[in-house]
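Enquirer: have a look at this prediction, sequence included:
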Protein chains: 2
Amino acid sequence: MMPDFEKGNGLVPAVVQDHRSGMVLMLAYVNRSAWEKTLETGDAHYWSRSRNEIWHKGGTSGHVQKIVEIRLDCDRDTILFKVEQIGGAACHTGYESCFHNKIGRDGSVTLVGKKIFDPEKVYRK
Amino acid sequence: MMPDFEKGNGLVPAVVQDHRSGMVLMLAYVNRSAWEKTLETGDAHYWSRSRNEIWHKGGTSGHVQKIVEIRLDCDRDTILFKVEQIGGAACHTGYESCFHNKIGRDGSVTLVGKKIFDPEKVYRK
């Protein structure tokens, strides 16, 4: 069984969840070759829509995502990766999770969650 | 702060998570009016891509999703809804979560998770 890549013009969204805490870390997109690379290597690979290339998450920062479990939803158009997040943070801003903006029903924003690293230091090579 | 609806041609994916267990229940799409309806009513609303209409999740089955918390990701192109799932199952197949297919790295499938209701009974009116 594999994702239905036809449905989303070759791209299927992948929800990424910490396998221990259950925290939702991020969402990214997977095409057929990112899917194959992920199964082959055990590291999460995505398709970068901004750079138009295969993206080995953590390739620059070292913060790779080790695949612990893969799930597909009922109609095979969404993937769930349960991962071990190396370095403890999935977001390029240094936060543990990309979902660090809590929105009130009045539209207000509260920053939540832990900042694990300083992106200035991690991405400055 | 609100989602960046321009980016995805008016639609932004929403990851739906059980607020207590942390289980990822489903993924659906939200447009501006579904977003507004959700904030206004406190029940999750989506845009149905197959029916091309606003979808009040649980409108037919009674299994609505009560919004407990809303998060936006770092670039505002993905929503996270933490919900109380009325009826205990998010999937139209009767499973607690839509992500009930566990995929092995060899492509094998194992059905996981609990079937909570019989869809034949719930949707037959």
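Expert: Sure, I can see it. Numbering: from 1, shown residues only, chains lettered A, B, ... in the order given.

Enquirer: what's the weakest-modelled helix or strand in chain A?
Expert: helix A:119-123 (a mean of 82; mean pLDDT, DSSP states H and E).

Enquirer: chain center to that one: distance?
Expert: 19 Å (Cα atoms, centre = their mean, to the nearest Å).

Enquirer: need the contact list for the one residue in chain A that gets nearest to chain B.
Expert: Residue nearest to chain B within chain A: residue A:22 (2.9 Å; Cβ to the nearest Cβ). Using the backbone N, CA and C atoms, a C-beta is placed for each residue, glycine as well. With contact set as Cβ atoms under 8 Å, 6 or more residues apart in numbering or on different chains, residue A:22 has these partners: B:21-23.

Enquirer: how does it look with 7 Å?
Expert: residue B:22 (Cβ atoms under 7 Å, 6 or more residues apart in numbering or on different chains).

Enquirer: and it, how far is that from residue A:9?
Expert: As judged by Cβ to Cβ, to the nearest Å, residue A:22 and residue A:9 stand 31 Å apart.

Enquirer: and if you look at residue A:71?
Expert: 22 Å.

Enquirer: comparing those two, which shows the higher neighbour count?
Expert: residue A:71 (22 against 8; other Cβ atoms under 10 Å in any protein chain shown).

Enquirer: by contact count, what packs against the longest helix anywhere in chain A?
Expert: Longest helix in chain A, counting residues (DSSP state H): helix A:32-41. In terms of contacts (3 or more Cβ pairs under 7 Å, 6 or more residues apart in numbering or on different chains; DSSP states H and E), helix A:32-41 is packed against strand A:45-48, strand A:53-56.

Enquirer: for these, which one ends up most surrounded?
Expert: strand A:45-48 (a mean of 22; mean count of other Cβ atoms under 10 Å in any protein chain shown).

Enquirer: work out the gap between that strand and the centre of the chain.
Expert: Mean-position distance between strand A:45-48 and its chain equals 9 Å (Cα atoms, centre = their mean).

Enquirer: show me the contact partners of that strand.
Expert: Here strand A:45-48 has contacts from A:11, A:14, A:28-31, A:34, A:37-38, A:54-57, using Cβ under 7 Å, 6+ apart.

Enquirer: compare these and tell me which is most surrounded.
Expert: Sorting the contacts of strand A:45-48 by how many neighbours each has (other Cβ under 10 Å) puts residue A:30 first, at 27 neighbours.

Enquirer: low-confidence ranges in chain A?
Expert: By pLDDT under 70, the weakly predicted segments of chain A are A:124-125.

Enquirer: for the longest helix of chain A, which positions count as buried?
Expert: Residues of helix A:32-41 classed as buried: A:34-35, A:37-39 (neighbour count, 16 or more other Cβ atoms under 10 Å in any protein chain shown).
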